[in-house]
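Trainee: Show me how the following folds:
(one chain, ligands or ions: 1)
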Amino acid sequence: MTATLDSGAAPAARDRAELLRVDDLVVEYPGKGFRAKPFRALTDINISIGQGETLGLVGESGSGKTTLGRAVLGLAPVTAGRITFEGKDISHAGRKDRRTLSRDLQVVFQDPYTSLNPALEIGDILAEPLAVQGTSPTAAMTRVRELLDQVGLPSDAIHRLPREFSGGQRQRVAIARALALSPKLIVCDEPVSALDLSTQARVLDLFLQIQRDTGVSYLFVSHDLDVVRHISHRVAVMYHGEIVEQGPADVVTRDPEHPYTQRLLLASPVPDPDRQEQRRADRHRLLDLQRQQNEQAGVPA
Ligand SMILES: Nc1ncnc2c1ncn2[C@@H]1O[C@H](COP(=O)(O)OP(=O)(O)OP(=O)(O)O)[C@@H](O)[C@H]1O
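Mentor: You can find the predicted model right below:
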């Protein structure tokens, strides 16, 4: 884990094979309560993600980031448009197809405190997806040990319960669970926003390391431009259910064209842009420092 906040995702390779493609996607939730009419959460979304690539999805609360991730996972209704995975239309994939797809398409949620079953030992949490896909108990335990090692947790975690771990360690368990079946794409929905700054940095580094080791792709949802810049090859900016800008992470997050992205960049109690940049630089320095200190002290994230 040596990456710093300014040396995150590797530059995008030009000729990545396309893994996920979303064309003209519209998502409408059925209306209920005060929203008697269907509510259009996404309008004409077009994105693609290559193999080993990270697309960062950024935008304010309610802009539709989670809905887009949910649509990819088959959890939100596709009203119009198309979602293609490895060239196959999965927009309306049924249960059986989804079960097959779950080998390749996984998710890490925001809250490490509620996303793990508190009654299960870590070994059982990690073995669960393997058992569902028919892996034998012996092979599953070998894989569980591999996964713990991959996410930087000790092998004795197998017999411990989630409550015995910190937020960062629990998120490592959630990442290990997502990795169990060697997926091709992981939808990461605000996976570091519940963590403190130094833990955020270490977990982001873990995501990067895993991508380098396995070639997995990420659809990485975050409201935090710093986080998205660090982890992503490309960034798409969402506003009121639409993508208003997308392009290389560095360009979009440092020199955005769209006024909404410019506002997002400046969304800070510090009004002066120079001080804003200063604040960001300070934050990066702080993160690096904390990470170095933790590493020297051998403190797990
Ligand atoms: N199941 C649902 N039924 C109806 N409306 C929904 C549902 N889920 C989300 N919405 C609405 O869709 C819009 C987009 O929500 P979404 O959660 O995708 O945004 P977001 O950018 O991820 O926001 P946040 O960061 O707060 O999660 C919001 O107006 C939300 O109220």
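Trainee: Next, count neighbours for whatever residue of the stretch 101-250 of the chain ends up closest to the ligand.
Mentor: Closest approach of the stretch 101-250 of the chain to the ligand (C-beta to the nearest ligand atom) occurs at residue 223, with a separation of 5.6 Å. (Each C-beta comes from the backbone N, C-alpha and C, glycine too.) Applying other C-beta atoms under 10 Å, we find 17 residues neighbouring residue 223.
Trainee: pLDDT at it, what is it?
Mentor: What the model reports for residue 223 is a pLDDT of 88.
Trainee: next one: residue 294
Mentor: So, for residue 294, pLDDT stands at 49.
Trainee: and if you look at residue 60?
Mentor: So, for residue 60, pLDDT stands at 88.
Trainee: can I assume it is in contact with residue 263?
Mentor: No: in this structure, residue 60 is not within contact of residue 263 by C-beta atoms under 8 Å, at 9.2 Å.
Trainee: need the helices for the stretch 201-301 of the chain, in chain order.
Mentor: Along the stretch 201-301 of the chain, counting by DSSP state H, counting those that start in this stretch, helices occupy 225-231, 249-254, 259-266, 273-297.
Trainee: just the stretch 1-150 of the chain next, same as before
Mentor: Under DSSP H, counting those that start in this stretch, the stretch 1-150 of the chain gives helices at 65-72, 95-101, 122-132, 137-150.
Trainee: Could you single out the most deeply buried of those helices?
Mentor: Comparing those by mean neighbour count (mean count of other C-beta atoms under 10 Å), helix 65-72 comes out on top with a mean of 23.
Trainee: So for it, mean pLDDT?
Mentor: Throughout helix 65-72, pLDDT has a mean value of 94.
Trainee: and if you look at stretch 266-285?
Mentor: Computed over stretch 266-285, the mean pLDDT rounds to 49.
Trainee: where does the stretch 151-300 of the chain come near the ligand, residue by residue?
Mentor: Those residues of the stretch 151-300 of the chain that sit near the ligand, judged by C-beta under 6 Å from any ligand atom, are residue 223.
Trainee: which residues of the stretch 151-300 of the chain score low on pLDDT?
Mentor: Residue ranges of the stretch 151-300 of the chain with pLDDT under 70: 267-300.
Trainee: 50 instead?
Mentor: Filtered on pLDDT under 50, the stretch 151-300 of the chain yields the residue ranges 268-273, 275-276, 278-279, 282-283, 285-287, 289-290, 293-294, 299-300.
Trainee: hmm, back to that, more neighbours: which of residue 60 and residue 263?
Mentor: With neighbours defined as other C-beta under 10 Å, residue 60 and residue 263 compare such that residue 60 has more, 15 against 12.
Trainee: Backbone dihedrals for the closest residue to the more buried one other than its chain neighbours, please?
Mentor: Distances taken as C-beta to C-beta, 6 or more residues apart in numbering place residue 223 nearest to residue 60, at 6.5 Å, with adjacent residues excluded. Main-chain dihedrals, residue 223, degrees, to the nearest 10: phi -90, psi 0.
Trainee: I'd assumed residue 62 was in contact with residue 223.
Mentor: No: under the criterion of C-beta under 8 Å, residue 223 is not in contact with residue 62, lying 10.3 Å apart.
Trainee: Quick check: residue 44 touching residue 242?
Mentor: Yes: applying C-beta under 8 Å, one finds residue 44 in contact with residue 242, separated by 6.7 Å.
Trainee: Quick one: residues contacting the spatially most central residue of the chain.
Mentor: In the chain, the residue lying closest to the centroid (C-alpha atoms, centre = their mean) is residue 188, at 1.9 Å. Neighbour list for residue 188: 107, 108, 207, 218, 219, 220, 221 [criterion: C-beta atoms under 8 Å, 6 or more residues apart in numbering].
Trainee: The second one: neighbour count?
Mentor: Meaning residue 108. Quick note: residue 108 (other C-beta under 10 Å) scores 24 neighbours.
Trainee: now do the fifth one
Mentor: By the other C-beta under 10 Å criterion, the neighbourhood of residue 219 contains 28 residues.
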